[in-house]
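Q: Sequence first, then the predicted structure:
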2 protein chains.
Amino acid sequence: MRAEIVSVGTELLLGQIVDTNAAYLARVLSELGIALYRRVTVGDNRERLLAALTEALTSSDVVFTIGGLGPTMDDITRDVLAEAMGDTLHPDEQIAAQLRRFFEQRGMPILESNLRQALVPSAGRAIPNPNGTAPGLLFEGRNGKIAIALPGPPNEFIPMVNDFVVPYLRTRTGGKGVIRSLVLRVVGVGESFAEDRIKDLMQDANPTVAPYAKVGEVHLRITAFAETPAEADRIISDRAALIRQRLGHAIYGENEETLEQVVVSLLQQKQQTVATGESCTGGLLSSRITDVPGSSKVFLGGIVAYSNAAKTDFLGVDSALLARFGAVSEEVARSMAEGAQQRFGTTYGIGITGIAGPEGGTPEKPVGLVYIGLSQRGRAPIVERCEFIGSRAIVRHRATQTALNLLRLRALES
Amino acid sequence: MRAEIVSVGTELLLGQIVDTNAAYLARVLSELGIALYRRVTVGDNRERLLAALTEALTSSDVVFTIGGLGPTMDDITRDVLAEAMGDTLHPDEQIAAQLRRFFEQRGMPILESNLRQALVPSAGRAIPNPNGTAPGLLFEGRNGKIAIALPGPPNEFIPMVNDFVVPYLRTRTGGKGVIRSLVLRVVGVGESFAEDRIKDLMQDANPTVAPYAKVGEVHLRITAFAETPAEADRIISDRAALIRQRLGHAIYGENEETLEQVVVSLLQQKQQTVATGESCTGGLLSSRITDVPGSSKVFLGGIVAYSNAAKTDFLGVDSALLARFGAVSEEVARSMAEGAQQRFGTTYGIGITGIAGPEGGTPEKPVGLVYIGLSQRGRAPIVERCEFIGSRAIVRHRATQTALNLLRLRALES
């Protein structure tokens, strides 16, 4: 099976956004063993889009469009794709009713243009979009050609690829000759350390192992080629087991699993709870934890103590401690962790205080200096001193990453 | 002048890397006033690259290739581009000598394949690459067509675009004609509402106005073509003024400005302060506010009150209120806002309580229901009831977006 991707949007041709969607879909296709020989990007222009689609449909079995499904006049993909496929669009009453309900609930008037999003192909159907108003469209042509139209916003696009495109294509390809991959997620060690431990494995052709450095973590992608998915999975799981032996607890999760998800489910298993006291991260740590569904079972609450008064009033940090050591100090981080743990009555308390920058650094306490305290009921608290390099956003992210990892390693041994 | 970009590399078609180079070059071309109607990506395949280049050279005046200039066998761009241009390559002795010196200095033997990088077109020349071994290539065809081959690594690519491509194209275009653009950021109204207000302006060819829907906001991009940058800026600022008249306070900022940046600087101007009491957003609101450098002047702190006990203990929410109306209610949102404002002693307090999902909804209180309270010293508090659709992350983001906007609108009138 041969595929082509047509990205649609003048903003792509003006270089205003980078086409991460096309790269995501390309990777998915390669993992399904579907050949992608070409990608094309055109603007919101009827004539050029029609030419690109016609050409793509001539040389490929399945053509994807990304973008141009919105309600506005320059969203032309729906109409032009129908023309290229020799199909016609008609309103789907169920989708129209959903759209009307959507606007009604918001007390907004529905416009005629909004209802264009309820149009579906005669030979095909709508693809549900749980995160937006524009459904995707599947066209199944009489000549066996398939076209799949997907919306541009990544938070709508990615779930539709995972939940619709992958299972749909799997049934169409019969699943022979596959590429599969697994990502092992590593935290607390650098890319070169991780790479050094698996250098020999990086020479192999099947499976391949490739490291990717992310902010505050490293991803190791294992990719295997095989006749069947089961065989590919076996090759991958053997290699993953070997890498796990070498990197141990530095591997915290797999694929799309986030560090906060792993921490929340670990605490759920152990029936333990946590509370936070944050200064420089300003709620980013509690926000990451509560981003995980079900976190209310393990997270009781947090204090964002940006001012010194708040550290004293809400976390019980002794003002003498603040005066003597300063707000950014080992002592205050420890006291914030203890305060959070005691006041919320949790198993663990985390305290973070530091200088996120870009202003506020001194020679003794430079931008990027962060103290992270971990307190546990019945055990002595610990504090980690970190010096992070990077922007304010990176310092804040790395601080929460380190805090989550401290908590994970402690919960693993509890 | 019309341009096309052809990106070359199987790794792009496998989705292993995202093509940021093409987006960079696209933006540069738009700023030079050169029309880019299409971008194509092909793999390291002779036949398909030749077809793509031939097609591009038919419809465009200047064609760029990105990638495929390395020394290995699958680096085919040089040869295939020469063929497409009807040109031949010959060794440039000066470049060959540089290459030999480069390898000698590193104590590495130079291979025959390395010397392929010294080949240059008969009608054209090499483009210096101070950051790598592969020079770029300029082909100047007898038919007036131009082709420019650039290397793939961004640290080599970007300097060559800035130092060679921009000045070269400026001389070719006679330096006349620029495209400039401005983004107006809109919050609190939907894409179709915003579009409805400016529908007539969207018909114009110069400047163009195009809406882009983002999560919780809409961006309106104004793009102008003109002889000079000053003239383009004047066209844009006239159009921006007109749009501001029509959308008023719904426009919160320009270009890269975020809503939290606008709120923080507004509070700084007014010398006002804010504190937060968050339940379902779990610290996301305080995290967004403290993401802004200098926010410590206006943000004193926040309480993440995930449990009912925390709402009572730290924000003073009456437990009778919680029992009678439930944690997700207008009354509790108001009380959380007042608690935050009073306990931190700030000008404003914000309280957020809702059901972020995916679990926890009921027919009366569905997933996505969020109450947002705003309390102000000396004024009656207000509460907004919202029903958001989407994933947990989207509900949480939209809730903080609405809260920041409520605060912005209130501060504007204070």
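A: That came in fine, so what should we check first?

Q: hey, let's count contacts and neighbours off CA atoms from now on
A: Noted.

Q: number of nearby residues for residue A:37?
A: 20 (other C-alpha atoms under 10 Å in any protein chain shown).

Q: The residue of chain A most remote from its centre sits in which helix or strand?
A: The outermost residue of chain A, judged against the average C-alpha position, is residue A:320 (42.7 Å), by C-alpha atoms, centre = their mean. Here residue A:320 sits within helix A:319-325, counting by DSSP states H and E.

Q: The helix or strand following that helix and chain B, are they touching?
A: Remark: after helix A:319-325, the chain's next helix or strand is helix A:330-344, criterion DSSP H and E. Yes: interface with chain B: helix A:330-344 contributes residue A:344 (C-alpha under 8 Å from any C-alpha of the partner chain).

Q: Just the CA coordinates for helix A:330-344, please, in PDB.
A: The C-alpha trace of helix A:330-344 is given here as PDB (Å, rounded to 0.1, in the frame of the first residue of the first chain):
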ATOM      1  CA  GLU A 330      18.500  23.700  51.600                       C
ATOM      2  CA  GLU A 331      16.900  24.600  55.000                       C
ATOM      3  CA  VAL A 332      13.800  26.300  53.500                       C
ATOM      4  CA  ALA A 333      13.300  23.500  50.900                       C
ATOM      5  CA  ARG A 334      13.300  21.000  53.700                       C
ATOM      6  CA  SER A 335      10.900  23.000  55.800                       C
ATOM      7  CA  MET A 336       8.500  23.600  52.900                       C
ATOM      8  CA  ALA A 337       8.400  19.800  52.200                       C
ATOM      9  CA  GLU A 338       7.800  19.100  55.900                       C
ATOM     10  CA  GLY A 339       5.100  21.800  56.100                       C
ATOM     11  CA  ALA A 340       3.300  20.500  53.100                       C
ATOM     12  CA  GLN A 341       3.400  16.900  54.400                       C
ATOM     13  CA  GLN A 342       2.200  17.800  57.900                       C
ATOM     14  CA  ARG A 343      -0.400  20.400  57.000                       C
ATOM     15  CA  PHE A 344      -2.100  18.200  54.400                       C
END
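
Q: need the next SSE after that helix, C-terminal direction.
A: With elements assigned by DSSP H and E, the helix or strand that comes after helix A:330-344 is strand A:348-354.

Q: So what are the sheet partners of that next one and their directions?
A: Taking DSSP bridges as the criterion, strand A:348-354 pairs within the sheet with strand A:274-278 (parallel), strand A:369-376 (antiparallel).

Q: Okay, the nearest residue to residue A:33 once chain neighbours are set aside and chain B: tell me how far apart.
A: Excluding the flanking residues, the one nearest residue A:33 by C-alpha to C-alpha, 6 or more residues apart in numbering or on different chains is residue A:178, at 4.9 Å. Counting by C-alpha to the nearest C-alpha, to the nearest Å, the separation of residue A:178 from chain B is 14 Å.

Q: okay, residue A:178: pLDDT?
A: Per-residue confidence (pLDDT) for residue A:178: 70.

Q: So the residue of the stretch 101-250 of chain A found nearest chain B, which state does it fall into?
A: Nearest residue of the stretch 101-250 of chain A to chain B (C-alpha to the nearest C-alpha) works out as residue A:131 at 4.5 Å. Three-state call for residue A:131 (DSSP: H, G, I helix; E, B strand; the rest coil): coil.

Q: Might one say that it is in contact with residue A:155?
A: Yes: in this structure, residue A:131 is within contact of residue A:155 by C-alpha atoms under 8 Å, at 7.1 Å.
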